[in-house]
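Undergrad: Have a look; sequence and predicted model below, questions after that.
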Amino acid sequence: MNLPDMTQPAILVIADPAVEQHLWRPMLLGMEEEGIPFAITPAQNSELSLSALAHQASSASPLAVGVAVGRSELVVHDPHLPEEQPLFVLTDYTRRSEDELRRLGCNAARLVKGLPFK
């Protein structure tokens with residue numbers, strides 16, 4: 001998968017283009033609340049798992065945090081963790097509250113800042 005050249009510091013979010021952004025926008029708002037920028041790129045047709053995509057995103061991000069958005073899961077990864085062991089996985093996120101999604105975004109941003117998770 002070709003990832004964007006990250007010249008600006010940001011959390012890289014790789015999103016399934018079939019999933020409407022309004023479903024996971026609260027996660028982005030959580031990152032914004034913590035003052036950490038993000039960059040969104042569409043996932044290309046790939047056989048990779050969401051965990052693998054999030055790991056690739058974290059490796060490409062200058063802030064060393066990556067997120068993968070799928071149809072039913074949100075995955076947050078750190079490049080120092082094994083690919084198959086993401087930091088956070090939020091399943092059935094379309095059924096979760098906006099607060100839960102926002103908290104996930106806050107925690108991704110807090111990973112960058114080295115602060116305790118919410």
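TA: Nice, thanks for sending it over. Numbers count the residues shown, from 1 in each chain.
Undergrad: Leaving out chain neighbours, which residue sits closest to residue 9?
TA: residue 62 (4.5 Å; Cβ to Cβ, 6 or more residues apart in numbering). (Each C-beta comes from the backbone N, C-alpha and C, glycine too.)
Undergrad: Quick check: which ranges of the protein have low pLDDT?
TA: 1-2, 4, 45 (pLDDT under 70).
Undergrad: host element of residue 26?
TA: Following DSSP states H and E, one finds residue 26 within helix 25-33.
Undergrad: got the buried residues for that helix?
TA: With burial defined by 16 or more other Cβ atoms under 10 Å, the residues of helix 25-33 counted as buried are 26, 27, 28, 30, 31.
Undergrad: tell me the phi and psi of the residue lying closest to the fourth one once chain neighbours are set aside?
TA: Once flanking residues are discounted, residue 30 sits nearest to residue 105: 2.5 Å by Cβ to Cβ, 6+ apart. Listed backbone geometry of residue 105 is phi -60, psi -40, with angles given as degrees, to the nearest 10.
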